[in-house]
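Chemist: structure here, sequence nowhere to be found:
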Ligand SMILES: C[S@@+](CC[C@H](N)C(=O)[O-])C[C@H]1O[C@@H](n2cnc3c(N)ncnc32)[C@H](O)[C@@H]1O
């Protein structure tokens, strides 16, 4: 555990507050200076210790749960590799990439739906695994839109390394302001999707949230693509461990009828939406 910028700011603020309090007391009631400064210093030290305790407790909680989660992801990897035959080393999963349990559900969905067209927002290891599943099913194409030109090129190279060019296309789609619902949002440039056929499976795992603090960043996905979804389409949404993604899914369910939601207990709590009935 190292000192963050926030820690330094907090310590300087506490030292400043104690110093200011001592100056004020010295000018108003000099006899009280020593007890007030001592009390304020003790309070400042207790505050720092409490913050340390809270952070250590968080780390303890995380390390207590990590072995269980690691075990579950290894289990999911075994299932995954029983479903797809990977012919080249894969890039790392987890972190910014999908976790093995998500990948397992993605491949299972492709085997179940046998989609003619899969659309993905946010390329990476998921692109390769979906490509393998499509290749094995003997039909279907994946179009993966990627905001970062450099990363799109990396994914394209990986697609070629894995021999998946016949069923995967990575399209660079820079983020731009789009209108979705009542508001403007930053999302992929949908110009690149003008020739998109009907989508049977839509994977929502982008844009990357980390550098863009905007709320409900991935909300435009369904309002913009809903008219292009086939009647039995499924939408696979990653990162629902974050409140933002959970709220987006709830918003979609209110605004678009006819979806059934399966909220999983995967590492990043991905949600599967299935279009079941006549929709509005
Ligand atoms: C949540 S990630 C998409 C992950 C992708 N679906 C996968 O399974 O790897 C969203 C964006 O983060 C960016 N990114 C940067 N480094 C990455 C990495 N190591 N793995 C995946 N995405 C990365 C890409 O621009 C990507 O579109």
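Modeler: Arrived safely. Small disclaimer: the values here were computed from a predicted structure and weren't measured. Residues are numbered from 1 along each chain as shown.

Chemist: excluding chain neighbours, what is closest to the closest residue to the ligand within the stretch 51-200 of the chain?
Modeler: Residue of the stretch 51-200 of the chain nearest the ligand, by C-beta to the nearest ligand atom: residue 124 (1.8 Å). (Glycine included, C-beta is placed from N, CA and C.) With sequence-adjacent residues excluded and distances taken as C-beta to C-beta, 6 or more residues apart in numbering, residue 124 is closest to residue 97, at 4.8 Å.

Chemist: quick check on that neighbour: phi, psi?
Modeler: phi -80, psi 170 (degrees, to the nearest 10).

Chemist: could you pull up the residues touching it?
Modeler: When contacts are counted by C-beta atoms under 8 Å, 6 or more residues apart in numbering, residue 97 touches 91, 124, 125, 126.

Chemist: ok, the residue nearest to residue 92 when sequence neighbours are not counted - contacts?
Modeler: Using C-beta to C-beta, 6+ apart and skipping residues adjacent in sequence, the residue nearest residue 92 is residue 125, 7.3 Å away. Residues counted as contacts of residue 125 (C-beta under 8 Å, 6+ apart) are 90, 91, 92, 93, 97, 98, 103.

Chemist: out of the residues you listed, which are buried?
Modeler: Buried residues within those, counting neighbours by 16 or more other C-beta atoms under 10 Å: 90, 93, 97, 98, 103.

Chemist: and these near the ligand, which?
Modeler: 97, 98 (C-beta under 6 Å from any ligand atom).

Chemist: mind putting the buried ones among the contacts of residue 125 into JSON lines with pLDDT, secondary structure and distance to residue 179?
Modeler: Shown next, in JSON lines, are the buried ones among the contacts of residue 125 (pLDDT from 0 to 100; DSSP: H, G, I helix; E, B strand; the rest coil; distance: C-beta to C-beta, whole Å):
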{"residue": "90", "pLDDT": "98", "secondary structure": "coil", "distance to residue 179": "37"}
{"residue": "93", "pLDDT": "98", "secondary structure": "coil", "distance to residue 179": "34"}
{"residue": "97", "pLDDT": "98", "secondary structure": "coil", "distance to residue 179": "30"}
{"residue": "98", "pLDDT": "98", "secondary structure": "coil", "distance to residue 179": "29"}
{"residue": "103", "pLDDT": "98", "secondary structure": "helix", "distance to residue 179": "33"}
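
Chemist: out of the buried ones among the contacts of residue 125, what pair is the most spread apart?
Modeler: The span of these, defined through C-beta to C-beta, is set by 90 and 98 at 11.0 Å.

Chemist: between those two, what contacts are shared?
Modeler: Common contact partners of residue 90 and residue 98 (C-beta under 8 Å, 6+ apart): 125, 129.

Chemist: re the thing from before, restricted to helices, list the contacts of residue 97.
Modeler: The members of the contacts of residue 97 that map onto helices under DSSP state H are 125, 126.

Chemist: can you list contacts of stretch 23-34?
Modeler: By C-beta under 8 Å, 6+ apart, the residues outside stretch 23-34 that reach it are 22, 36, 37.
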